[in-house]
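Participant: Requesting a structural model of the entry that follows:
(one chain, ligands or ions: 2)
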Amino acid sequence: MLTTKPDKVALILEDKCKGCHLCAKACPFDAIDGEPKQLHKVNGNCRGCGLCQEKCKLNAVEMVPKKPDAAGHEEAM
Ligand code: SF4
Ligand code: SF4
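Facilitator: Ligands and ions are numbered 1, 2, ... in the order given. You can find the predicted model right below:
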């Protein structure tokens, strides 16, 4: 089945993220929310490109399989 959705998305590990903001600046899709020095979070815009993972020096970004649409809508807007 064809889909435009990514099969992987970034996940920021809460216990590792120090809020350096590098991942958010690197993301071409504006998919990472967060204020500097605070925990960052990936939003529904993530396309799974992996750029944020390359930027994070603390290994706080994991690429995880995108969950199937089990609980209804997952659209951000
Ligand atoms: S690059 Fe890593 S440590 Fe920095 S804000 Fe992103 S996830 Fe957190
Ligand atoms: S994997 Fe790509 S699109 Fe997703 S949050 Fe990271 S940089 Fe943005």
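
Participant: how about the residues of the protein near ligand 1?
Facilitator: Neighbours of ligand 1 within the chain, by CB under 6 Å from any ligand atom: 12, 17-23, 40, 55-56, 58, 60-61. All C-beta atoms are positioned from the backbone trio N, CA, C, and that covers glycine.

Participant: For the chain, which segments count as strands?
Facilitator: 8-12, 32-33, 41-42, 61-65 (DSSP state E).

Participant: Pick the most buried one from those strands.
Facilitator: strand 8-12 (a mean of 20; mean count of other CB atoms under 10 Å).

Participant: by contact count, what packs against that one?
Facilitator: Judged by 3 or more CB pairs under 8 Å, 6 or more residues apart in numbering; DSSP states H and E, strand 8-12 is in contact with strand 41-42, strand 61-65.

Participant: how far out from the middle of the chain is it?
Facilitator: Distance, stretch centre to chain centre, for strand 8-12: 4 Å (CA atoms, centre = their mean, to the nearest Å).

Participant: Pairing partners for it, with directions?
Facilitator: Counting by DSSP bridges, the strands paired with strand 8-12 are strand 61-65 (antiparallel).

Participant: quick one: the strand it pairs with near ligand 2?
Facilitator: No - legend: contact between strand 61-65 and ligand 2 by CB under 6 Å from any ligand atom is lacking; minimum distance shown is 6.9 Å.

Participant: so residue 30 sits right up against residue 45, yeah?
Facilitator: Yes - with contact defined as CB atoms under 8 Å, residue 30 and residue 45 form a contacting pair (5.8 Å).

Participant: For the two, indicate the residue with more neighbours.
Facilitator: Ranked by neighbour count (other CB atoms under 10 Å), residue 30 and residue 45 place residue 45 first, with 15 against 10.

Participant: This completes my enquiry, with thanks.
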